[in-house]
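> Starting from these lines, generate the structure:
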Amino acid sequence: MNALRIGFVIPAAGLSRRHPPNKLLLTVDDQPVIRRTVSAMLALPYSLCVVVGYEANKIIAALAGLDQSQFNIIENPAYKTGMASAIISGITALPDDLDYFGFLPGDKPFIRPHTIHSMIRDLEVQKPDILVPTCQGQPGHPTFFLSTAFRDEFVRLTGDTGGREIIERHPQQVRYLPMDTPEIILDMDRWLEMEEQKHAE
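I've put the predicted structure just below:
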């Protein structure tokens with residue numbers, strides 16, 4: 001079985017409106033959130049783009065010391081226009097000959113390489129057009145899209161739209177993969193809300 005050619009985009013350009021000033025710069029186990037997310041991906045042999053925008057210099061500083069031969073940092077000057085600009089910046093910076101591209105938001109510091117390997121094994125066997133992992137009935141990340149089918153559609157996105165809109169447009173082409181891995185649905189917004197609830201009790 002030939003290995004799939006996969007590229008990942010980590011959007012890290014958003015304004016962090018739900019939990020200002022910037023949830024990507026908070027620390028989890030003494031590491032900035034964005035550093036933990038990117039570090040997990042560096043254990044995988046795939047192309048990786050980290051898209052920065054809001055507080056770009058601070059995000060780049062948080063990644064200092066990681067092996068930057070393993071990933072590209074792409075600056076998105078249009079980050080205030082919404083999510084689509086970050087996604088387009090990442091996709092267009094990836095190689096053109098990919099089988100799939102995947103998205104992992106920068107605020108997913110709990111993701112493990114083993115979990116992503118499990119999804120990629122499913123891609124290799126099932127070869128779906130779109131793969132969405134689920135846990136406890138909820139969709140999670142990373143999500144994967146067949147490059148030849150969806151690259152052009154992603155590049156045409158505008159405003160604050162992203163992969164969710166593509167998934168909703170093509171429900172018959174989505175494979176949902178149930179996984180017993182809560183990290184795929186645990187982002188920093190949810191984690192911070194859980195922490196606030198703990199302290200309130």
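> Strands of this structure, residue ranges please.
6-12, 27-28, 31-32, 47-52, 72-75, 100-103, 130-135, 138-139, 143-146, 174-178 (DSSP state E).
> Check which helices and strands the first one is in contact with.
Yep, that's strand 6-12 we're talking about. helix 33-42, strand 47-52, helix 83-93, strand 100-103 (3 or more CB pairs under 8 Å, 6 or more residues apart in numbering; DSSP states H and E). Where C-beta positions appear, they are placed from N, C-alpha and C, glycine not excepted.
> Quick check: which of the ones you listed is nearest to residue 14?
Among these, helix 83-93 comes nearest to residue 14, with 7.0 Å by CB to CB.
> pLDDT weak spots in the protein?
Within the chain, the stretches with pLDDT under 70 are 1-2, 16-20, 194-201.
> Burial check on residue 141, number of neighbours?
Residue 141: 22 surrounding residues under other CB atoms under 10 Å.
> Likewise for residue 57?
9.
> Against residue 160, how distant is it?
Distance of residue 57 to residue 160, given as CB to CB, to the nearest Å: 24 Å.
> May I see the helices and strands packed on strand 6-12 organised as a markdown table, with distance to residue 173 and mean neighbour count added?
Formatted as a markdown table, those follow (distance: least, CB to CB, whole Å; neighbours: other CB atoms under 10 Å):
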| stretch | distance to residue 173 | mean neighbour count |
| --- | --- | --- |
| helix 33-42 | 25 | 22 |
| strand 47-52 | 23 | 23 |
| helix 83-93 | 18 | 21 |
| strand 100-103 | 13 | 24 |
